[in-house]
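**Q** Take a look and give me a structure for this.
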Amino acid sequence: MATTRQAHTVWEGNLLEGKGVVTLDSSGIGEYPVSWPSRAEAANGRTSPEELIAAAHSSCFSMALSHGLAGAGTPPTKLEAKADVTFQPGTGITGIHLTVVGEVPGLDEAGFVKAAEDAKANCPVSQALSGTEITLSASLA
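**A** A predicted model of the protein is given here:
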């Protein structure tokens with residue numbers, strides 16, 4: 001069964017001096033302020049599209065890796081995944097780096113790295129972002 005999730009943004013003003021609020025409609029868990037300076041400079045208590053992409057990517061990747069490991073008979077005890085999304089003003093998103101540290105009883109480092117590479121290639125967010133270079137660092141705790 002397909003699902004659709006919604007969010008919306010209300011923006012006021014021009015790009016450089018304006019500001020907006022992103023609302024996560026489906027979950028109802030919050031409203032998050034955005035601005036150009038928070039995207040191109042320091043966050044200063046506001047989010048950015050890149051931070052939201054990083055959240056989506058790290059969670060999707062974690063789910064895909066957990067599923068793959070469990071399917072191979074080595075379910076993880078814990079996965080800690082991070083996504084670093086790099087934004088270059090004037091160019092756009094130039095890369096995403098995933099970092100994962102896992103606790104997986106019965107699996108060696110090579111097996112974990114292989115599973116992480118597979119999850120990186122096959123998680124739906126990675127596939128949606130396939131036009132961007134995605135790199136990975138994976139290790140066992």
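
**Q** residue nearest the centroid of this structure?
**A** With distances taken as C-alpha atoms, centre = their mean, the residue of the chain nearest its centroid is H57 (2.3 Å).

**Q** check contacts around that one.
**A** Residues touching H57, when contacts are defined by C-beta atoms under 8 Å, 6 or more residues apart in numbering, comprise 83, 85, 96, 98, 123, 125-126, 129. Using the backbone N, CA and C atoms, a C-beta is placed for each residue, glycine as well.

**Q** Out of those, the closest to K19 would be?
**A** The nearest member of the contacts of H57 to K19, counting by C-beta to C-beta, is V85 at 20.7 Å.

**Q** Please report how far that closest one lies from V22.
**A** For V85, the distance to V22 equals 16 Å [C-beta to C-beta, to the nearest Å].

**Q** Give me the more crowded residue out of those two.
**A** Set side by side, V85 and V22 give different neighbour counts by other C-beta atoms under 10 Å, the larger being at V85 (23 against 20).

**Q** where do the strands sit along the chain?
**A** Taking DSSP state E as the criterion, the chain contains strands spanning 7-12, 19-24, 30-34, 78-88, 92-103, 134-140.

**Q** Tell me which of the ones you listed lies nearest to L52.
**A** Nearest to L52 among the strands of the chain is strand 19-24 (7.2 Å), distances taken as C-beta to C-beta.

**Q** can you give me the angle that closest one makes with strand 7-12?
**A** Using axes from the mean of the first three to the mean of the last three C-alpha atoms, to 10 degrees, one finds that strand 19-24 and strand 7-12 are set 170 degrees apart in direction.
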